[in-house]
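Visitor: Here's my sequence, what's the structure:
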Amino acid sequence: MAELPKTLEEAIAQAQSATQAAIAAGYTRLQVELLLPELKPMPTALQYLPMFSNLGADLKVFFSDAGAAALARRDWAEVLCQIGSLDVAGSRQTTPVEELVTPEDKAFLFVAPSAVEISPVEQVCNAAGERPAILFNPRLEDVGTVGIGFAARKNPGTVFEHL
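Guide: Numbering: from 1, shown residues only. You can find the predicted model right below:
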């Protein structure tokens, strides 16, 4: 059994190692989660990126909105990757999602995609074919959709019933 990491740096190193092993084993659809509630996705993703240094500009990194992508372009100036946005919710997306994938792209990293971006993420993955696509710290459950306490309301006899 693998030992749990004691620091964020150890967790990122473990995630990098697991990602490399999965890609080497032929897996192309990966989900990497660092389960720390207060974790900010952008700086953590920046620490995760060195594992793709051999890809350079052939790595495409997608953010949920254009603002986050612009911030990453500014803060990640030294990183040789392409940075884009899946901002379809704001309807500013002028490029069809399938055109966000070019033949030169070797891998795709989606930083903290939310439930809103499921469709464009899926479309990019379909257009990517067998190239690796990694969801990094996805936020796929929407509390507004799932509802707070739904499981408790479904199961009588829980502590919530006695409040």
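
Visitor: can we go C-alpha only for contacts and neighbour counts from here?
Guide: Noted.

Visitor: Contact partners for A68?
Guide: A68 makes contacts with S85, as judged by CA atoms under 8 Å, 6 or more residues apart in numbering.

Visitor: downstream neighbour of the strand or helix carrying it in the secondary structure list?
Guide: Per DSSP states H and E, A68 falls inside helix 66-75. Of the helices and strands lying after helix 66-75 in sequence (DSSP H and E), the nearest is strand 82-85.

Visitor: so where's this structure shaky on pLDDT?
Guide: Applying pLDDT under 70 to the chain flags residues 1-2, 88-95, 97-98, 142-163.

Visitor: again, 90 this time
Guide: For the chain, the stretches with pLDDT under 90 are 1-6, 35-39, 56-57, 64-66, 77-80, 86-100, 114-119, 139-163.

Visitor: quick one: buried residues of the lengthiest helix in it?
Guide: When the chain is parsed with DSSP state H, its longest helix is helix 8-24. Using 16 or more other CA atoms under 10 Å as the test for burial, helix 8-24 gives 11-16, 19.

Visitor: Stretch 22-42 too?
Guide: Buried-residue list, stretch 22-42, by 16+ other CA under 10 Å: 28, 30, 32, 42.

Visitor: Also stretch 111-131?
Guide: Of all the residues in stretch 111-131, those buried under the rule 16+ other CA under 10 Å are 111-114, 116-117, 120-121, 123-125, 127-128, 131.

Visitor: Stretch 75-88 now?
Guide: Using 16+ other CA under 10 Å as the test for burial, stretch 75-88 gives 79-88.

Visitor: follow-up on the earlier one: F63: which of the buried residues of stretch 22-42 is nearest?
Guide: Proximity of those to F63 (CA to CA) peaks at M42, which lies at 9.1 Å.
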